[in-house]
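1. what follows is a predicted structure for the sequence shown.
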Amino acid sequence: MTCFSCLFGRKLDSATHRSVELDDELSGIQNVTLYPYKALRIATDDFSPTNKIGEGGFGSVYKGKLRSGQMAGQMAAIKVLSTESRQGVREFLTEIQVISEIQHENLVKLYGCCVEGNHRILVYNYLEKNSLATTLLDGDYNNIQFTWRIRKKICIGVARGLAYLHEEVRPHIVHRDIKASNILLDKDLTPKISDFGLAKLIPPNMTHVSTRVAGTIGYLAPEYAIRGQLTRKADIYSFGVLLIEIVSGRCNTNTRLPIEEQYLLERTWKLYERRELVGLVDTALNGNFDAEQACRFLKIGLLCTQDDPKLRPSMSSVVKMLTDKLDVDEHKITKPGLISDFMDLKVRSNAPKAKPGRDHTPGNYASSGSDNLDTTRLTSAASSQATMTFTFPCTQSM
């Protein structure tokens, strides 16, 4: 593992008390191929701009064909972290450790990494159809027909991937940054959950983990944003928001709309109360969808985003509801948890003027916290505070 030491050498010189801890963590990493930097330069044609498929505060992502090793001949997504990246040593290690130990049809596959000199690079399988943010929400469909059947397939796939992380993996994994830009699509439009840099492990004997709050405004569960108490229910909230985005074809926040329609969850709840949920379904479908099923999905989204986390269903239950194996009990639906007042304050003070078209989450293969990070403090009604690192993806124009 001496190769890793080259990467972190300068950092450790100024913080030698952490060196033993980092060495211990590095020694536990297995099942990961170490790629020479030269091999990745060759694969990407010297990191040519024509091969760039994503960019953000973390650095850039390039597509390239691997020419050596076990995956020789395979296309790969090569995620190059910049030296100024907000994704630090801890997040880099977390992403490697978490994703190298698990495999599932709806999770991205890590081929390996490069930790040569000052370079920190992750090598993933290349997913041809980009992210949901870039395609569906931004309207850059990339020749994809987002039919109702395809949207249903994507919703169920993401739910199954999360159920696997939450309930089958030991210890359980909380992703912490489920959002449209972290859902990638392969050539068959099978969804893959990506970016595990913020993931947390939940030991079986613990109800929650208290942690620095990090994630994306609009997808953050209010109880996590305010108190920093992380459970699997925070991911379920984020999934609920994503589910409603997929059905409606719009981002969770759109400041170009009338004030009463800017926040998707608020809009969904109002339409639910008026029994007009079908009005939220994406008009791009031109009426070619199962109205009853679409409304059912929107109700599941409301179940997942309820203010009381204890009322939110488990992801395995969500999968059963999405696949018609479990009824949706409308009597259990309560008003969603919202932090729109805080969102409104930050969005209006940070967002540049949006371009015409749909609001969107920029980038693909983007790292957690990669776009327009802002660190601030949020005070709850009870005056409790938590340091927060947020991304504002849905109001930006790149």
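-> That came through, no problem. Predicted model only: the values in this text are computed from it and were never measured.

2. quick one, strands of the stretch 51-200 of the chain?
-> According to DSSP state E, counting those that start in this stretch, the stretch 51-200 of the chain carries its strands in the segments 52-56, 59-65, 75-81, 110-114, 120-125, 172-174, 183-185, 191-193, 200-202.

3. to Glu260, which of those lies closest?
-> Of all those, strand 183-185 sits nearest to Glu260, with 28.1 Å by C-beta to C-beta. (Each C-beta comes from the backbone N, C-alpha and C, glycine too.)

4. so what pLDDT did the closest residue to Ser248 other than its chain neighbours get?
-> Using C-beta to C-beta, 6 or more residues apart in numbering and skipping residues adjacent in sequence, the residue nearest Ser248 is Leu280, 4.9 Å away. As predicted, Leu280 sits at a pLDDT of 97.

5. Gly64 touches Ser48, doesn't it?
-> No - judged on C-beta atoms under 8 Å, Gly64 makes no contact with Ser48 at a distance of 9.0 Å.

6. the two: who's more crowded?
-> Comparing Gly64 with Ser48 by other C-beta atoms under 10 Å, the one with more neighbours is Gly64, at 23 against 12.

7. distance of that one from Leu265?
-> Separation of Gly64 from Leu265 (C-beta to C-beta, to the nearest Å): 39 Å.

8. hmm, back to that, okay, the strands of the stretch 51-200 of the chain, which one's buried deepest?
-> strand 183-185 (a mean of 27; mean count of other C-beta atoms under 10 Å).

9. count the neighbours of the residue nearest to Ser248 for me.
-> Leu280, neighbours per other C-beta under 10 Å, totals 22.

10. can you pull the contacts of it?
-> 244, 247-248, 267-268, 271, 298 (C-beta atoms under 8 Å, 6 or more residues apart in numbering).

11. do you know how far it is from Ser48?
-> 42 Å.

12. quick check: Ile236 vs Ala163, distance?
-> Applying C-beta to C-beta, the value for Ile236 to Ala163 is 10 Å.

13. who has more neighbours, those two?
-> Comparing Ile236 with Ala163 by other C-beta under 10 Å, the one with more neighbours is Ile236, at 26 against 21.

14. verify the contact between that one and Leu311 for me.
-> No - in this structure, Ile236 is not within contact of Leu311 by C-beta under 8 Å, at 10.4 Å.

15. follow-up on the earlier one: quick one: which of the strands of the stretch 51-200 of the chain is nearest Leu338?
-> strand 172-174 (21.3 Å).

16. what lines up beside that closest one in the sheet?
-> If you go by DSSP bridges, strand 172-174 pairs up with strand 200-202 (antiparallel).

17. which neighbours do Ile236 and Ala163 share?
-> 314-315, 318.

18. any idea where the helices of this protein begin and end?
-> For the chain, applying DSSP state H gives helices covering 2-13, 19-27, 37-43, 89-100, 132, 148-163, 222-227, 232-248, 264-273, 291-304, 315-322, 340-350.

19. of the ones you listed, which approaches Gln74 most closely?
-> Taking C-beta to C-beta, helix 37-43 is the member of the helices of the chain nearest to Gln74, at 9.8 Å.

20. could you list every helix and strand in contact with that closest one?
-> Under the contact definition 3 or more C-beta pairs under 8 Å, 6 or more residues apart in numbering; DSSP states H and E, helix 37-43 sits against strand 59-65, strand 75-81, strand 120-125.

21. what are the pairing partners of the shortest one, and which direction each?
-> According to DSSP bridges, the neighbouring strands of strand 120-125, each with its direction, are strand 75-81 (antiparallel), strand 110-114 (antiparallel).

22. that one vs strand 59-65, what angle?
-> With axes from the mean of the first three to the mean of the last three C-alpha atoms, to 10 degrees defining the directions, strand 120-125 sits at 50 degrees from strand 59-65.

23. so how far is strand 120-125 off the chain centroid?
-> Averaging C-alpha positions (C-alpha atoms, centre = their mean, to the nearest Å) puts strand 120-125 17 Å from its chain's average.

24. rewinding a little: redo the helices of the chain as TSV? Include mean pLDDT and distance to Gln74.
-> Below are those laid out as TSV (pLDDT from 0 to 100; distance: least, C-beta to C-beta, whole Å):
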stretch	mean pLDDT	distance to Gln74
helix 2-13	38	22
helix 19-27	45	26
helix 37-43	94	10
helix 89-100	75	17
helix 132	94	23
helix 148-163	98	22
helix 222-227	86	37
helix 232-248	97	29
helix 264-273	96	38
helix 291-304	98	35
helix 315-322	98	30
helix 340-350	47	39
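
25. so can I have CSV of those helices showing distance to Gly117?
-> Formatted as CSV, the helices of the chain follow (distance: least, C-beta to C-beta, whole Å):
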stretch, distance to Gly117
helix 2-13, 6
helix 19-27, 16
helix 37-43, 7
helix 89-100, 15
helix 132, 35
helix 148-163, 34
helix 222-227, 37
helix 232-248, 36
helix 264-273, 44
helix 291-304, 44
helix 315-322, 41
helix 340-350, 35
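
26. Ala199: which of the ones you listed is closest?
-> Among these, helix 89-100 comes nearest to Ala199, with 4.7 Å by C-beta to C-beta.

27. and the angle for that closest one with strand 75-81?
-> Going by the same axes, to 10 degrees, helix 89-100 makes 160 degrees with strand 75-81.

28. can you give me how far helix 89-100 is from the chain middle?
-> 15 Å.

29. list the buried residues for that helix?
-> Within helix 89-100, the residues that count as buried by 16 or more other C-beta atoms under 10 Å are 89, 91-100.

30. of the residues you listed, closest to Lys200?
-> Proximity of the buried residues of helix 89-100 to Lys200 (C-beta to C-beta) peaks at Thr94, which lies at 8.2 Å.

31. what sits against the closest one?
-> 196-199.

32. which one of those is nearest to Asp177?
-> Closest to Asp177 out of the contacts of Thr94 is Leu198 (4.9 Å), distances taken as C-beta to C-beta.

33. which pLDDT value goes with that closest one?
-> Leu198 carries a pLDDT value of 81.

34. ok, how many other residues are close to it?
-> The tally of other residues near Leu198 (other C-beta under 10 Å) stands at 24.

35. quick one: the shared contacts of Ile236 and Ala163 as a markdown table, columns for distance to Leu257 and neighbour count too.
-> Shown next, in a markdown table, are those (distance: C-beta to C-beta, whole Å; neighbours: other C-beta atoms under 10 Å):
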| residue | distance to Leu257 | neighbour count |
| --- | --- | --- |
| Ser314 | 33 | 15 |
| Met315 | 30 | 24 |
| Val318 | 28 | 27 |
